[in-house]
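Peer 1: Got a predicted structure plus its sequence, pasted below:
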Amino acid sequence: MKYLILGAGPSGLTFANTLLAAGEKDFLVLEKESCAGGLCRSTDVDGSPFDIGGGHFLDVRDPSVTDYMFSFLPEDEWDRYERDSRIDLYGDIIGSPIEANIWQLPKEKQDRYLDAIASAGCNSGQDKPEKFTEWIVWKLGEAIAEDYMLPYNRKMFGKDLDSLGTYWLEKLPNVSYEETKRSCREHKAYGTQPGHALFFYPRRYGYGEAFLRMADALGSRIRYSEEAVSIDFENRTVNDTYRADRIIVTVPWTSFSEHKGLPPELESGLGDLRYSSVVTQYREEMLDTKAHWIYYPDPARPYHRILVRHNFCPGSKGYWTETNLSRFKAEEGSIHFVNEYAYPLNTIGKPEFMNRFLGFASSKGIYGCGRWGEWQHFNSDVVMRRAMDLAGRLLNDSP
Ligand SMILES: Cc1cc2nc3c(=O)[nH]c(=O)nc-3n(C[C@H](O)[C@H](O)[C@H](O)COP(=O)(O)OP(=O)(O)OC[C@H]3O[C@@H](n4cnc5c(N)ncnc54)[C@H](O)[C@@H]3O)c2cc1C
């Protein structure tokens, strides 16, 4: 065939639908699960939608992607929300991001954080450190690092934070002492809004519905319950069975048990790629909050975030938690879902390795695309845009 696409998550589905829209029908998608959607799949729990892979919302930042989503699940089937996300700082619940909302804390905590910001390395001319944990202290000051960023990141990504690079944090804005002080004086937030300041969530369904519709459009061109276990770079073959002019890999490269024709240096680099796993668990209680989600840095609680379902799924009750698998203990009868591949980790040296690896793969007609194909923390809107772009490039450049 011309194109073999591995994985029917948002990347694979968008890539395949972009081919179809351009009149290209010579392709097949292989998906190991029995349904499409990947981390964005939803199911029904207690009579309402539940997002298996954690809380999923459609960001409005790229109209070309939102319009594309609306072509499968029309706009009038979505509700639009202004983000209400909060942080539970050991009992004091404030808005997120923390630096813009310090003014909501009791006075003595405000002073502690203001002092920390004033003496943060980036505000007092100190050199930027290379180690992740030291970088966080340098950027935010000791108190915010110790109360929030470090414990929260440990809960999400694991204890060994210094195996992570700092390159992906560079976009964090500097926290200004003057602006934080003014915000505390005037009792209002300052600074740029985080991602998802506005977002869409389907009115009657979970987030996964949009992707089920994208899968429907592909009909029998998706083969379910078919796991890709080996890939041959020289012969462009998967499972020794499927051969294609081009192979699009949206599944984790580390999920193949065999990579034939891969130089040893790249094989060993693949072995260094890391990821973290997340368990989502349902709780039926109604919470007395208007927040859509709340972050929990407190190490005493196993989960790091809760999603307050009744605030974004009309007519639902309950909430769900997100917990790193290494911190999760199943209770008897609990309703929970394990997502082995949840977060690709931004370890030291990963960008350089992925550049080399993807360069080699594409020279063989094999292309990495999406969260796992590129091993990046991309959200669904970003992977969809990238899949559309890659499909457009390959269609324009037929072998
Ligand atoms: C907790 C959490 C919260 C998130 N919140 C948001 C959010 O609010 N908004 C947002 O836009 N994004 C969010 N994301 C990111 C979003 O989940 C991803 O961007 C998106 O799912 C990536 O799509 P993908 O197709 O690249 O990968 P995936 O969704 O992981 O899809 C990969 C597909 O490949 C299949 N597969 C895996 N291995 C194989 C194999 N060997 N053979 C065949 N098939 C295989 C999988 O079953 C899956 O269907 C969140 C992610 C997490 C973990």
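Peer 2: Cool, the structure landed. Residues are numbered from 1 along each chain as shown.

Peer 1: check contacts around the residue nearest to residue 215 when sequence neighbours are not counted.
Peer 2: Excluding the flanking residues, the one nearest residue 215 by CB to CB, 6 or more residues apart in numbering is residue 36, at 3.5 Å. In short, each C-beta sits where N, CA and C put it, glycine included. Neighbouring residues of residue 36 by CB atoms under 8 Å, 6 or more residues apart in numbering: 8-9, 13, 211-212, 214-215, 222, 224.

Peer 1: How about the secondary structure of residue 36?
Peer 2: coil (DSSP: H, G, I helix; E, B strand; the rest coil).

Peer 1: circling back to that earlier point, for the ligand, tell me which of the contacts of residue 36 show up nearby.
Peer 2: 8-9 (CB under 6 Å from any ligand atom).

Peer 1: that older thread, with the ligand as the reference, measure out to the residue nearest to residue 215.
Peer 2: Computed as CB to the nearest ligand atom, to the nearest Å, the residue 36 to the ligand distance reads 7 Å.

Peer 1: hey, where'd the strands end up in the stretch 151-300 of the chain?
Peer 2: With strands called from DSSP state E, counting those that start in this stretch, the stretch 151-300 of the chain shows them at 198-202, 222-223, 230-232, 237-238, 242-243, 246-249, 258-260, 275-283, 293-295.

Peer 1: For the stretch 51-200 of the chain, which residues are neighbours of the ligand?
Peer 2: Proximity of the stretch 51-200 of the chain to the ligand, by CB under 6 Å from any ligand atom, involves residues 53-57, 59.

Peer 1: which non-adjacent residue is nearest residue 181?
Peer 2: residue 114 (6.1 Å).

Peer 1: For the one you found, list the residues it contacts.
Peer 2: Residue 114 neighbours (CB under 8 Å, 6+ apart): 102, 177, 180-181, 184.

Peer 1: looking at this, it is in a strand?
Peer 2: No. Per three-state DSSP, residue 114 lies outside any strand segment and is helix.

Peer 1: mind checking pLDDT for it?
Peer 2: The model reports residue 114 with a pLDDT of 94.

Peer 1: Over to residue 193?
Peer 2: 57.

Peer 1: Same question for residue 398.
Peer 2: Per-residue pLDDT puts residue 398 at 75.

Peer 1: list the contacts for it?
Peer 2: Residue 398 neighbours (CB under 8 Å, 6+ apart): none.

Peer 1: Please identify the helix or strand for it.
Peer 2: Residue 398 is part of no helix or strand, with elements assigned from DSSP states H and E.

Peer 1: And it, how close does it get to the ligand?
Peer 2: When residue 398 is compared with the ligand (using CB to the nearest ligand atom), they lie 24 Å apart.

Peer 1: got it, and residue 20?
Peer 2: Taking CB to the nearest ligand atom, one finds residue 20 at 17 Å from the ligand.

Peer 1: quick one, what contacts that residue?
Peer 2: Residues near residue 20 by CB under 8 Å, 6+ apart: 217-218, 221.

Peer 1: switch to 6 Å and redo it
Peer 2: Applying CB atoms under 6 Å, 6 or more residues apart in numbering to residue 20 gives no contacts.

Peer 1: Name the residues of the helix or strand hosting it that are buried.
Peer 2: Following DSSP H and E, one finds residue 20 within helix 10-21. For helix 10-21, burial by neighbour count (16 or more other CB atoms under 10 Å) applies to 10-20.

Peer 1: same thing with stretch 333-343?
Peer 2: 336-337, 339, 341-343.

Peer 1: Next: stretch 113-127.
Peer 2: In stretch 113-127, counting by 16+ other CB under 10 Å, buried: 113-114, 116-117, 120-123.

Peer 1: Of the contacts of residue 114, which is the most crowded?
Peer 2: residue 102 (27 neighbours; other CB atoms under 10 Å).

Peer 1: tell me the pLDDT at that one?
Peer 2: 95.

Peer 1: Let me see the contact set for it.
Peer 2: So residue 102 contacts 110, 113, 180 (CB under 6 Å, 6+ apart).

Peer 1: ok, 7 Å please
Peer 2: Neighbouring residues of residue 102 by CB atoms under 7 Å, 6 or more residues apart in numbering: 110, 113, 180, 183-184.

Peer 1: now the angle from the helix or strand where residue 65 lies to strand 198-202?
Peer 2: Using DSSP H and E, residue 65 falls within helix 63-70. Going by axes from the mean of the first three to the mean of the last three CA atoms, to 10 degrees, helix 63-70 is angled at 10 degrees with respect to strand 198-202.

Peer 1: which parts of helix 63-70 are buried?
Peer 2: 65-66, 68-70.

Peer 1: can you tell me which of the residues you listed lies nearest to the ligand?
Peer 2: residue 65 (9.1 Å; CB to the nearest ligand atom).

Peer 1: mind checking how far that closest one is from residue 385?
Peer 2: 5 Å (CB to CB, to the nearest Å).
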